[in-house]
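J.: Sharing a model prediction with you, sequence too.
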Protein chains: 2
Amino acid sequence: MRVSAKADYAVRAAAELAAAEEGPVKGEKLADAQDIPLQFLEHILLELKHAGIVRARRGAKGGYWLARPADEVTIADVVRAVEGPIAHVQSAPPESIEYRGNAEHLQEVWIAVRASLRTVLEHVTLADLVNGQLPSEVSALAAQPDAWVAR
Amino acid sequence: MRVSAKADYAVRAAAELAAAEEGPVKGEKLADAQDIPLQFLEHILLELKHAGIVRARRGAKGGYWLARPADEVTIADVVRAVEGPIAHVQSAPPESIEYRGNAEHLQEVWIAVRASLRTVLEHVTLADLVNGQLPSEVSALAAQPDAWVAR
DNA sequence: TGCGCTCCTGACCAAGGAGGTCAGGAAAGT
DNA sequence: ACTTTCCTGACCTCCTTGGTCAGGAGCGCA
């Protein structure tokens, strides 16, 4: 139940791309802006490209840009591109698992876990992220003082 | 963002303990009931014991039982015992990370992610799990048809 | 006291992922 | 042609995952 460095980096780089007005941004600039090891970032950007989230051009004046408008790319899209499906259990989707005995209802719990993750990750777009205007359900969650304490 | 086999096993075993009326349950019985490799399960139960969730006695008539009533143990307790803190980013708690540039609001997003996981995991008790009566917020999430489709 | 039962613990293991680095190739621009 | 920048695969170290194995320690009972 943790977020990998790769996913974190991917979202941060995507946020920089979302904020860039027109024209390709060099990998090096993204790496500098977010303090990400350049060569590692290039691998990540390549995965984002293969997922159709980003486009790229080589050579002088080359760089990366978003394939779609920033308000049509969600954080879930970016995370899935680099981490694969969200909330798998034992490397399988929760709806495909069969539980027995007293754990029968555990499936519903894992489904609910996935659904709750989705309500956050699929509703925040890169545009929301860069201008700080998170959807109300999300900012409500982050606004609870409890949410900020470790446990 | 995945649930490990260990966490899944731990919750399933805990559910069996929650359902057992009075008296210690042998590891072997738990392993059989939930189809978990016995020796692996013993390590998991040991972790649950160290976390104060379970107690145990050796010898004939020995076995495991819950240290607290089943309606006072949440799934979050069990998951934390075996997987550590929920929703860490890059192995650090989200409230301790500093984001720069256009990713500044990403911290709020990860905080919201953690909060949303908590609303599910901290509100479902083992008692809820075994009798299938999930809290209304949780069953509402699991009731959406969308929640059951992969993406 | 001894014996069997069950938990307790550490060591080990193979495979894979996390988080990178390195070296070179391939397109684009000038 | 030459530089710039992305593209790709190979490689690396360390840690985690999902186990197994072997033995020890405490408990109940005869």
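T.: Thanks, I have the structure now.
J.: where along chain A do the strands fall?
T.: Using DSSP state E, the strands found in chain A span residues A:54-57, A:63-66.
J.: export those strands to TSV and tack on mean pLDDT, mean neighbour count and distance to B:A147?
T.: C-beta: built from backbone N, CA, C; applies to glycine. Below are the strands of chain A laid out as TSV (pLDDT from 0 to 100; neighbours: other C-beta atoms under 10 Å in any protein chain shown; distance: least, C-beta to C-beta, whole Å):
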stretch	mean pLDDT	mean neighbour count	distance to B:A147
strand A:54-57	98	16	29
strand A:63-66	98	20	28
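J.: I figured A:A33 hits A:L41, correct?
T.: No - taking contacts as C-beta atoms under 8 Å, A:A33 lies outside contact range of A:L41: 10.5 Å.
J.: if we can go back for a sec, closest to DNA strand C out of the strands of chain A?
T.: strand A:54-57 (5.0 Å; C-beta to the nearest atom of the strand).
J.: how far is the closest one from where the chain is centred?
T.: Relative to its chain's centre, strand A:54-57 lies at 18 Å (C-alpha atoms, centre = their mean, to the nearest Å).
J.: Neighbouring strands - and their directions - for that strand?
T.: Strand A:54-57 has the following strand partners under DSSP bridges: strand A:63-66 (antiparallel).
J.: do the partner strand and DNA strand C meet at all?
T.: No - judged by C-beta under 7 Å from any atom of the strand, strand A:63-66 and DNA strand C are separated, with a smallest distance of 10.5 Å.
J.: can you pull the contacts of the spatially closest residue to A:P135 that is not a sequence neighbour?
T.: Closest residue to A:P135 apart from its sequence neighbours, by C-beta to C-beta, 6 or more residues apart in numbering or on different chains: A:H123 at 4.8 Å. Contact analysis of A:H123 by C-beta atoms under 8 Å, 6 or more residues apart in numbering or on different chains lists A:T74, A:P135, A:E137, A:V138.
J.: do the same with A:Q144
T.: Contacts of A:Q144 (C-beta under 8 Å, 6+ apart): B:A115.
J.: Check it and give its pLDDT.
T.: Predicted confidence (pLDDT) for A:Q144: 97.
J.: any idea how far B:R57 is from it?
T.: A:Q144 sits 41 Å away from B:R57, taking C-beta to C-beta, to the nearest Å as the criterion.
J.: what number of residues lie near A:G84?
T.: By other C-beta atoms under 10 Å in any protein chain shown, the residues close to A:G84 number 11.
J.: quick one, phi psi at it?
T.: Dihedral pair for A:G84: phi 80, psi -170, per degrees, to the nearest 10.
J.: any idea how far it lies from B:M1?
T.: For A:G84, the distance to B:M1 - C-beta to C-beta - is 9 Å.
J.: next one: A:E47
T.: In terms of C-beta to C-beta, A:E47 sits 16 Å off from B:M1.
J.: Test for you: state the pLDDT assigned to A:E22.
T.: 82.
J.: make that A:D128, sorry
T.: 98.
J.: A:G27 now?
T.: Reading off the model, A:G27 has pLDDT 98.
J.: wait, what's in contact with it?
T.: Contacts of A:G27 (C-beta under 8 Å, 6+ apart): A:L38, A:L41, A:E42, A:L45, A:G63, A:Y64.
J.: Pull the number of nearby residues for the second one.
T.: Think A:L41. Residues near A:L41, counting by other C-beta under 10 Å, number 21.
J.: In this structure it contacts A:E16, no?
T.: No - counting by C-beta under 8 Å, A:E16 is not a contact partner of A:L41; they are 10.5 Å apart.
J.: Run through the residues that contact A:D128.
T.: Going by C-beta under 8 Å, 6+ apart, A:D128 touches A:D71, A:L134, A:P135.
J.: ok, these vs DNA strand D, which is closest?
T.: For the contacts of A:D128, the nearest to DNA strand D is A:D71 (23.4 Å; C-beta to the nearest atom of the strand).
J.: nearest spatial neighbour of the residue of chain A positioned farthest from its centre, skipping sequence neighbours?
T.: In chain A, counting by C-alpha atoms, centre = their mean, A:G101 sits farthest out from the average C-alpha position, at 35.9 Å. Distances taken as C-beta to C-beta, 6+ apart place B:A33 nearest to A:G101, at 5.0 Å, with adjacent residues excluded.
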